[in-house]
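Participant: the amino acid sequence is not available; the structure is as follows:
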């Protein structure tokens, strides 16, 4: 019996969750992530049920010199939720969501997805900013930033975080908030998993739904330039209740027909939503109009089919302060060379509450109005890896003349994770302070399988 196997047997006597080693019936299923291109084989999977399990898993990994990966929803495109030959700390059984409707607060387990949160909070007509794809994990999305339909109205997911229970690198547990360990709370709001493992997150909720106005309109790709210019004009004067995104995609019917689309959610009254969406529905007119009143929960699931679990993924992303005509033309040119119908280009507009938070208030530094460009390569066959990855990289290179200094942490590709330039682009002026806090809470850089913030010298 190996030293690790012996140690696992000893920990198993008190472990409330599951300790899964290679060869176990569930091993291959549990280690798989949303990105089907990731095929890592950890030496141990620790499926935790609480902070004590997380603490024991950390101590076990460190005692045997093994790297630690943390899985919440397993959605991160870089695949850092699993590790080759190390310990995968899997929180996917910790999906509890509790709501206090009177105080408008939700407590969310570290393995919950946004579908879990929306289902529970909408029972009371409440919501908080969450992912635009409902299968995304709450913890990873929030600690890295947190795009969502409610972002212009209520800020990023991390802006609605009231407190977080973290298990640190030494196995101890800390509650971080504005009053308890405020330096740690500042750092985790944008600093991702660099400082500890989030066991429970506490969110501020808001009155939203149960019905909102949302959906998308789509036009033939031949009109893409006209559509994206119209999209740009619409974004110049948006109310906080509206999140708007442009997209270059293929038709959902599997025909491969290329489309230029605009997706929206208006979270205010249905009357105001109808007034706002009329020009979107009238322009063109569209060949597909799926925009109108819908449940808030459905609005947050409408893009799910476009990001199926198990597809092979490679993404690149950058922020633009302006969506200029040359930038639009560059995106359309490369969309014309689409290597696979599942590949797509998304343009996520930033405005409103998210831009009114000073850069120094949280670790998250992307606080400008503008447009986040996501070049999402997706495909099924490994034989297409080189072609699809090459397309993403070429499209990304084409927009470089137009980008700002900022990038979004949750979209950083695996091959960019260790680049100092990526760290600077994500955190900007906050890097120095983050490194100092990292030294205080994780001096040995135990939590390094991420966009890593090295401890200060």
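Facilitator: Arrived safely, thanks for sending. Since the model is a prediction, treat every value here as computed from it, not as a measurement.
Participant: drop to CA atoms for contacts and neighbour counts, all remaining ones
Facilitator: Will do.
Participant: dump the residue contacts of the nearest residue to residue 17 once chain neighbours are set aside.
Facilitator: Excluding the flanking residues, the one nearest residue 17 by C-alpha to C-alpha, 6 or more residues apart in numbering is residue 48, at 4.8 Å. With contact set as C-alpha atoms under 8 Å, 6 or more residues apart in numbering, residue 48 has these partners: 16-18, 54, 89-94.
Participant: ok, of these, which one's closest to residue 179?
Facilitator: Taking C-alpha to C-alpha as the measure, residue 179 lies nearest residue 54 of the contacts of residue 48, at 24.2 Å.
Participant: surely that closest one is in a strand?
Facilitator: No - going by DSSP: H, G, I helix; E, B strand; the rest coil, the assignment for residue 54 is helix, not a strand.
Participant: need the pLDDT of the residue lying closest to it once chain neighbours are set aside.
Facilitator: Ranked by C-alpha to C-alpha, 6+ apart and with sequence neighbours excluded, the top spatial neighbour of residue 54 is residue 48, at 6.0 Å. Note for residue 48: predicted pLDDT of 98.
Participant: look up how far residue 168 lies from residue 48.
Facilitator: Applying C-alpha to C-alpha, to the nearest Å, the value for residue 48 to residue 168 is 15 Å.
Participant: what does residue 411 give?
Facilitator: 25 Å.
Participant: with residue 144 instead?
Facilitator: Counting by C-alpha to C-alpha, the gap from residue 144 to residue 168 is 17 Å.
Participant: before we move on, back to that, among the contacts of residue 48, which ones are buried?
Facilitator: 17, 54, 89-94 (16 or more other C-alpha atoms under 10 Å).
Participant: returning to that earlier point: please say which of residue 144 and residue 168 ends up with more neighbours.
Facilitator: residue 144 (25 against 21; other C-alpha atoms under 10 Å).
Participant: residue 192 is in contact with the more buried one, correct?
Facilitator: Yes - using C-alpha atoms under 8 Å, residue 144 is in contact with residue 192, at 4.6 Å.
Participant: quick one: low-confidence residue ranges for this protein.
Facilitator: Scanning the chain for pLDDT under 70 picks out 1.
Participant: show me the chain divided up by domain.
Facilitator: Here the domain assignment for the chain is 8-90, 97-208, 211-415, based on automatic domain parsing.
Participant: between the ones you listed, which one is closest to residue 449.
Facilitator: Sorting the domains of the chain by C-alpha to C-alpha, the top spot, which is the nearest, belongs to domain 8-90 at 5.9 Å.
Participant: just the endpoints, please. Distance across that closest one?
Facilitator: Counting by C-alpha to C-alpha, you get 15 Å between the two ends of domain 8-90.
Participant: gap between the spatially most central residue of the chain and residue 157?
Facilitator: Residue closest to the mean C-alpha point of the chain, counted by C-alpha atoms, centre = their mean, is residue 141 at 3.8 Å. Going from residue 141 to residue 157 by C-alpha to C-alpha gives 8 Å.
Participant: which residue ranges of the stretch 301-450 of the chain form helices?
Facilitator: Here the stretch 301-450 of the chain has its helices, by DSSP state H, counting those that start in this stretch, at 325-335, 385-398, 420-427, 431-441.
Participant: chain center to the longest one, what's the gap?
Facilitator: Counting by C-alpha atoms, centre = their mean, to the nearest Å, helix 385-398 is centred 21 Å from the centre of its parent chain.
Participant: can you list the buried residues in that helix?
Facilitator: Buried-residue list, helix 385-398, by 16+ other C-alpha under 10 Å: 385, 388-389, 391-392, 395-396, 398.
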